[in-house]
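**Q** give me coordinates for this.
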Amino acid sequence: MDVFEAIKTRRSTRRYKSENVSEEQVKKLLEAAIMAPSGGNMQPWDFIIIRDETQKKALARAALGQMFIASAPVVIVVCANKPRTARRYGDRGAEFYCLQDTAAATQNILLAATAMGLAGCWVGAFNDEAVSQVLKLPDYIRPVVILPIGVPAESPKMPPRIPLDELVHYDKW
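**A** Numbering: from 1, shown residues only. Okay, here's the model as predicted:
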């Protein structure tokens, strides 16, 4: 599958088959993640891989009760290592650039998953403190995205998109 097809067919999927996602598949997803651009090449991402059922349920509760998270065979939590970017960019790096960078890594994971016949859902609605407690994160690590990943058990339709001619501006607003 080429990148344009992956972009056009990727969907937020909340139902997964019980099929396993292998360690090799997870490694390929993470290799795609670390190819993302990052400010100053600081690469402020860290990844927590969760397969344990108890941990997945605890994450789902921390994600405001989004229990579909626990149904995925594997969950990847993308975290921002704030000091890694702050070393070069100070507070702006710790509070802004690392979020942009982890978002780019997250998108790479989702596109790679689509190309591999897997699916996921970008979950950003969660209680940061609760997720940090579940995962025993150090204070300087910020959870940014929870990504349940699995073989899709649904085929969501593409949601409507705002037409380009309403979004694009040339030379000024």
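**Q** what's the weakest-modelled helix or strand in the chain?
**A** The helix or strand of the chain with the poorest confidence is helix 3-9; it has a mean of 94 (mean pLDDT, DSSP states H and E).
**Q** counting contacts, what elements does the helix or strand just after that one pack onto?
**A** Going down the chain from helix 3-9, the next helix or strand is helix 23-33, by DSSP states H and E. Applying 3 or more C-beta pairs under 8 Å, 6 or more residues apart in numbering; DSSP states H and E, one finds that helix 23-33 contacts strand 45-50, strand 74-81, helix 98-115. Yep, even glycine has a C-beta here, placed from its N, CA and C like the rest.
**Q** packing partners for the helix or strand where Glu129 lies?
**A** In this assignment (DSSP H and E), Glu129 forms part of helix 128-135. Judged by 3+ C-beta pairs under 8 Å, 6+ apart, helix 128-135 is in contact with helix 53-62, strand 141-150.
**Q** Pro44 is nearest to which of these?
**A** Nearest to Pro44, of all those, is strand 141-150, at 9.5 Å by C-beta to C-beta.
**Q** pull out the buried residues from that closest one.
**A** Within strand 141-150, the residues that count as buried by 16 or more other C-beta atoms under 10 Å are Ile141, Arg142, Pro143, Val144, Val145, Ile146, Leu147, Pro148, Ile149, Gly150.
**Q** likewise stretch 6-20?
**A** Buried, per 16+ other C-beta under 10 Å, within stretch 6-20: Ala6, Arg10, Arg11, Thr13, Arg14, Tyr16.
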